[in-house]
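Enquirer: What follows is a predicted protein model with its sequence.
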Amino acid sequence: MLDNKGHPNRLGIWGWLGGGRWGLERYLYTLHRLTGLGLLLYFLLHILVTSARAFGEQAWAASMARVTGGLFVIGEFLVFCAFAFHAANGVRLVLVELGWAIGNPIEPVYPYRTSVHEQRPLALGIMVVAGLLVLAGGLDFFILH
Amino acid sequence: MRDQRLWTWHVLAGLIILVLLGLHMTIMHLDVLVGIFNPRDPHPIAWANVAARARMGFFTVSYIVLLGAALFHGLYGFRNIVFELGIGRGLKTALNVVLVLGGVSLFAFGAWAAWAAGTLARTL
């Protein structure tokens, strides 16, 4: 990331939670960061835990036994939810960054319209996709097993 | 320019993760609904299934690619979050060193584990 050129980030992490009349996309930004940090923490531990498979069946069974139980199932489901959201929202961010789904430039004529008006259907559609993935995951985690 | 290049790699790594982690999540957590690549046992983490997947060269390669992409994407994202907090130049340098060394070490360890598991599974 570029340095902020003399404009300090005064709000810091608290700025993720609020700081103005922010729209849906700003809270998706916060959730994207929180889920990203959660997934990163899980992933670093996951590398260490699953490396046991290199040492054979007994080491694998012992490693898996340490991460089994009700709390771990809930934790894994939360990881699945974080993945569903982060992936779906990530696709939205890529599309927006490439200039898709943000609309064409227009004259600033009252009542003003911004790019957010064009982006909102994409944001809502992406959240529906993430929601469907979470529902499928919940079904598999808690009902079908 | 360097930041722009790293950001482009960050986005590309995200797209790789979308495909490979999507497959991984489908195998591991949508196993009843979809049921792919779990040939030996209903449970995806049963050793028979783990060994069966490890025998397939595709999984060895895809795990290593996913490992590298996810480490870069995650650690670069974390770096951006910390840098945005306005930390000093010295801390930025220290964080860069820690993240590069940590990332490379974890990649080497994880890649070795994927390779060794494949080699072991093929002898069974």
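Expert: That came in fine, so what should we check first?

Enquirer: Which helix or which strand is home to B:D31?
Expert: Assessed by DSSP states H and E, B:D31 sits outside every helix and strand.

Enquirer: mind checking how far it is from B:R5?
Expert: Noted for B:D31: a distance of 39 Å to B:R5, by C-beta to C-beta, to the nearest Å. Where you see a C-beta, it was placed from the backbone N, CA and C, and this is true even at glycine.

Enquirer: Looking at the two, which one has more neighbours?
Expert: Taking neighbours as other C-beta atoms under 10 Å in any protein chain shown, B:D31 and B:R5 compare with B:D31 leading, 20 against 9.

Enquirer: got the phi/psi numbers for that one?
Expert: Torsion angles at B:D31 (phi, psi; degrees, to the nearest 10) stand at phi -70, psi -30.

Enquirer: ok, now how distant is it from chain A?
Expert: Going from B:D31 to chain A by C-beta to the nearest C-beta, to the nearest Å gives 7 Å.

Enquirer: Please list all residues in contact with that residue.
Expert: B:D31 sits next to A:140, B:38, B:42-44 when contact means C-beta atoms under 8 Å, 6 or more residues apart in numbering or on different chains.

Enquirer: Which ChimeraX command selects the buried ones in the residues you listed?
Expert: Buried subset of the contacts of B:D31, written as a ChimeraX selection, criterion 16 or more other C-beta atoms under 10 Å in any protein chain shown:
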select /A:140 /B:38,44
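
Enquirer: now the contacts of B:D31 in JSON lines, with distance to B:H24 and secondary structure?
Expert: Shown next, in JSON lines, are the contacts of B:D31 (distance: C-beta to C-beta, whole Å; DSSP: H, G, I helix; E, B strand; the rest coil):
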{"residue": "A:D140", "distance to B:H24": "14", "secondary structure": "helix"}
{"residue": "B:N38", "distance to B:H24": "12", "secondary structure": "coil"}
{"residue": "B:P42", "distance to B:H24": "18", "secondary structure": "coil"}
{"residue": "B:H43", "distance to B:H24": "16", "secondary structure": "coil"}
{"residue": "B:P44", "distance to B:H24": "10", "secondary structure": "coil"}
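
Enquirer: For the longest helix along chain B, enumerate the helices and strands it packs against.
Expert: If you go by DSSP state H, chain B has its longest helix at helix B:89-123. Packing partners of helix B:89-123 (3 or more C-beta pairs under 8 Å, 6 or more residues apart in numbering or on different chains; DSSP states H and E): helix A:24-50, helix B:47-55, helix B:57-83.
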